[in-house]
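[1] Sequence first, then the predicted structure, then my questions.
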Amino acid sequence: MSARAVVFALLGLSVVALAVNLARIAPSPGELTAVHAALPELAGLAGCEQCHAEGDLVDGCGGCHREIAAQLASGSGWHGALVAQGRTDCGDCHGEHWGADFPLVHEQSWGDGPAVDRAHRHVAFALDGAHARLDCADCHVAKLPEGTAERLAIAASRRTFLGLAQDCASCHADPHGAAMSDDCAACHDQERFAPAPRFEHAARFPLIGAHARVGCVECHPGASDLASDLASGAAPAVATAARPLDFATVRGTTCEQCHATPHRALPADRCTTCHFATDVTFATATQRVAADDHARFGFALTAPHAERTCAQCHDPARPFAQRYPGRAANDCTACHESPHGGQFGARESNCAECHSTHFVPSTLTAAAHQPTLLGRHLDAACAKCHAAPSPGAPVRFVATPTACAQCHADPHGGQFVARGQSCESCHDATCFVPSRYDVATRHPPRIGAHAAAECAGCHRSPKAGAPIRYVATPTACEACHADPHGGQFRRQKGGCAACHDEKRFVPSTFAANRHQPPLTGAHRAIACNDCHRTRGDGVRTFVGTARDCKSCHADPHAGQLTRAGNDCNRCHRSDERWLPVTFDHQRDARFALDGVHARLDCVQCHREVELPDGRKVVHYVPLGVECRDCHTGR
């Protein structure tokens, strides 16, 4: 080993020995400040390593001063601004080992750095307006959490520049009670809290016209307790949790949410169809109401309303509520007096049930009529049944008489009243004629030809202009039928029924055995009309019919025997036949037949002769009774 090497080795050992001795006698270059000396973990040599870390003081100090370490790491705050200037050594500003009373922060700590810039341009929170006029100590007070290194400094100096947040609520009580956004700067600036200069009311609800003249509390009831503060522009610090300045709660943003509507119905596009916020008065909207709008409000303007001016229905002299009462389309009585005089009660206000805007004619149909209209009533005009009961009185519709006799004259002249029968007994509303009277079940029995007879055949008017007779209708034949016998049987007991029945008039029911005089012989087989013949007036003779033979039979003797009294029975006594005769020549003639005369045939003496009129008859009288009258001389 060389002498040089030995010298350096001895020198090194000396230094080490000196260091050990110095460490044992005086371990620190100087006394720590009172703040650091109060920390047990900084006492002795072990404490030196807390601050003098392997890296540098920034790492050592940052182990305790974490808030500052964060600023250095992020480049924010005061210390972050120093890093931007290249000043990173903590000892440059905060000297240590100068004794317990030495302040870690003193005038030399600031040097010519950004601290002199009170505008806070070195941080994100620039001081403007009212903040720019505050003293630093007004904001920078002891606010750090317990257990940090900075807390010790605060305890000694009662002030710090750390631990403050930049949101308004960290320094100011929230006057809105958490009802609004946390972004205060969206509405407020640093000069004055109220009114909020950055709040764009127009972006949410334009304040124009009448809205621009109302106070905030009219729409924001949550701010009503602080209305005087707001009006005066006082600081909102008076707001508390119990008295929040709540602008988030509004009465509404649509018209109907704040204003009671005087209208019955609103259109789809609401109030702004007719009303503008710039209108001087609400009623100004009438200048913009068209017929279509009027219909959308529930009252269509059809004739005759379409011809009216607005003022004729909406009197400008009346208050709004009376001028626009919200009449319904069927509320006719609001303008028109009812012509029905209260007959319909509560229904009388609902005119549209029976009428359109044109009152006449009514829209009530016959099908809807109560009671139901039948038959001819369906075609009858309303006025036929509904009339005013007295001059000037309303036309009667309710309790209109329904009895037939109250509208119709009785065509029967009261015949059925005494019998307690109503019109409905024989007629219905369908038609008066034909009657629904059931002849088969209600009429006295009708027989024979009467069963087929028309009513009018028996039921007639007794005189001109009189009602047709139904009650006490005569039942005698002559009441309906002309007497075909010309009164020949007026005294006949039993009347027509003595010889006829109801089945038929002809043939008669008169039997031959009733004939007077009795019919005998051949007379019983001949027809009645052979003896009972028609007179000149057309009536067939029954009473007073001639009984002599010549009345019915032609005289075959051409009047030869009239001198004998025309008594056919003298010779023809048999009723059965004309021949043979019962003439007795011996008795009845002037010439007795004796001898040879008795054996002669009649025609030998009584021969056929021709009369002047061409007829041929047997000559009976006069004949001579002398021989010479028949026999010529020989």
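    Yep, that arrived.

[2] Okay, buried residues for stretch 496-503 please.
    Neighbour counts over stretch 496-503 (16 or more other Cβ atoms under 10 Å) mark 496, 499-500 as buried. C-beta: built from backbone N, CA, C; applies to glycine.

[3] Let's test this: mean pLDDT of it, rounded?
    Throughout stretch 496-503, pLDDT has a mean value of 87.

[4] Only alpha carbons, please: show it as PDB.
    The C-alpha trace of stretch 496-503 is given here as PDB (Å, rounded to 0.1, in the frame of the first residue of the first chain):
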ATOM      1  CA  CYS A 496    -194.400  -8.500 -43.500                       C
ATOM      2  CA  ALA A 497    -193.300 -11.400 -41.400                       C
ATOM      3  CA  ALA A 498    -196.800 -12.900 -41.900                       C
ATOM      4  CA  CYS A 499    -195.800 -13.800 -45.400                       C
ATOM      5  CA  HIS A 500    -192.000 -13.300 -45.700                       C
ATOM      6  CA  ASP A 501    -188.800 -14.100 -43.700                       C
ATOM      7  CA  GLU A 502    -185.300 -12.500 -43.700                       C
ATOM      8  CA  LYS A 503    -183.800 -15.100 -45.900                       C
END
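
[5] Can you check the pLDDT for the closest residue to residue 262 other than its chain neighbours?
    Leaving aside its sequence neighbours, residue 262 sits nearest to residue 324 (Cβ to Cβ, 6 or more residues apart in numbering; 5.8 Å). pLDDT recorded at residue 324 is 79.

[6] Which residues does the helix or strand containing residue 587 contact?
    Per DSSP states H and E, residue 587 falls inside helix 585-588. Residues from elsewhere that reach helix 585-588 (Cβ atoms under 8 Å, 6 or more residues apart in numbering): 570-571, 591-593.

[7] next SSE after that helix?
    Scanning forward in sequence from helix 585-588 by DSSP H and E, the next helix or strand is helix 602-605.

[8] returning to that earlier point: then the helix holding residue 587 to PDB, C-alphas only?
    Written as PDB, here are the backbone C-alpha positions of helix 585-588 (Å, rounded to 0.1, in the frame of the first residue of the first chain):
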ATOM      1  CA  HIS A 585    -230.400 -29.200 -70.800                       C
ATOM      2  CA  GLN A 586    -233.600 -30.400 -69.300                       C
ATOM      3  CA  ARG A 587    -233.200 -28.100 -66.400                       C
ATOM      4  CA  ASP A 588    -231.200 -25.200 -67.500                       C
END
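
[9] mind checking how far it is from the chain centre?
    Taking Cα atoms, centre = their mean, to the nearest Å, one finds helix 585-588 lying 121 Å from the centre of the chain it belongs to.

[10] average pLDDT across it?
    Taken as a whole, helix 585-588 has a mean pLDDT of 84.

[11] before we move on, what about stretch 625-634?
    Across stretch 625-634, the average pLDDT comes to 79.

[12] And stretch 254-264, by the same measure?
    For stretch 254-264, mean pLDDT rounds to 78.

[13] In stretch 532-543, which residues are buried?
    Buried residues in stretch 532-543, defined by neighbour count with 16+ other Cβ under 10 Å: residue 542.

[14] residues in contact with it?
    Stretch 532-543 is contacted by residues 484-486, 488-489, 529, 545 when judged by Cβ under 8 Å, 6+ apart.

[15] Looking at those, which two lie furthest apart in space?
    Maximum pairwise distance in the contacts of stretch 532-543, criterion Cβ to Cβ, is 17.0 Å, between 489 and 529.

[16] Quick one: residues contacting residue 323.
    Here residue 323 is in contact with 283, 314-316 (Cβ under 8 Å, 6+ apart).

[17] at 7 Å what do you get?
    Contacts for residue 323 (Cβ atoms under 7 Å, 6 or more residues apart in numbering) come out as 314-316.

[18] where along the stretch 51-200 of the chain do the helices fall?
    Applying DSSP state H, counting those that start in this stretch to the stretch 51-200 of the chain gives helices spanning 57-64, 66-74, 77-84, 107-110, 129-132, 136-139, 149-157.

[19] wait, I meant the stretch 401-550 of the chain
    Secondary structure of the stretch 401-550 of the chain (DSSP H, counting those that start in this stretch): helices located at 439-442, 455-458, 477-480, 528-531.

[20] List the residues that contact residue 374.
    So residue 374 contacts 429-430 (Cβ under 7 Å, 6+ apart).

[21] pLDDT wise, what is it at?
    pLDDT recorded at residue 374 is 85.

[22] mind checking how far it is from residue 48?
    127 Å (Cβ to Cβ, to the nearest Å).

[23] Show me the shaky parts of the stretch 201-350 of the chain.
    For the stretch 201-350 of the chain, applying pLDDT under 70 flags the ranges 224-244, 263-269, 286-287.

[24] what do you get if the cut-off is 50, keeping everything else the same?
    Scanning the stretch 201-350 of the chain for pLDDT under 50 picks out the ranges 227, 235-238.

[25] Do a quick rundown of the helices in it.
    In the stretch 201-350 of the chain, the helices defined using DSSP H, counting those that start in this stretch lie at 201-204, 216-219, 227-232, 255-258, 291-296, 310-313, 320-323.

[26] need the contacts of residue 323 in a markdown table with distance to residue 511, can you?
    Output for the contacts of residue 323, formatted as a markdown table (distance: Cβ to Cβ, whole Å):
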| residue | distance to residue 511 |
| --- | --- |
| 314 | 101 |
| 315 | 102 |
| 316 | 107 |
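
[27] Compare these and tell me which is most surrounded.
    Highest neighbour count within the contacts of residue 323, by other Cβ atoms under 10 Å: residue 314, with 17 neighbours.

[28] Need the nearest residue in space to it, chain neighbours excluded.
    residue 323 (4.9 Å).

[29] Let me know the distance separating that neighbour from residue 296.
    The separation that residue 323 has from residue 296, given Cβ to Cβ, amounts to 19 Å.

[30] Spit out the contact partners of the residue minimising distance to the centre of the chain.
    Nearest to the geometric centre of the chain sits residue 353, at 10.0 Å (Cα atoms, centre = their mean). Residue 353 is in contact with residue 347, counting by Cβ under 7 Å, 6+ apart.

[31] What does the pLDDT read for it?
    If you check residue 353, the pLDDT there is 85.

[32] sorry, back to before: indicate which one of the helices of the stretch 201-350 of the chain is closest to residue 417.
    helix 310-313 (55.2 Å).

[33] how much distance is there from the closest one to the middle of the chain?
    28 Å.

[34] Same question for stretch 322-332.
    With Cα atoms, centre = their mean, you get 18 Å for stretch 322-332.

[35] go on, stretch 548-562?
    In terms of Cα atoms, centre = their mean, the centre of stretch 548-562 is set 103 Å apart from its chain centre.

[36] buried set for that stretch?
    The neighbour-count check on stretch 548-562 (16+ other Cβ under 10 Å) flags 557-558, 560-561 as buried.

[37] same deal with stretch 38-53?
    Buried positions in stretch 38-53, judged by neighbour count with 16+ other Cβ under 10 Å: 42-43, 47, 50-51.

[38] Which two of those have the greatest separation?
    Distance extremes for the buried residues of stretch 38-53: the farthest pair is 43 and 51 at 12.2 Å, using Cβ to Cβ.

[39] residues contacting the nearest residue to residue 278 once chain neighbours are set aside?
    Using Cβ to Cβ, 6+ apart and skipping the chain neighbours, the partner closest in space to residue 278 is residue 209 (4.2 Å). Contact analysis of residue 209 by Cβ under 7 Å, 6+ apart lists 277-279.
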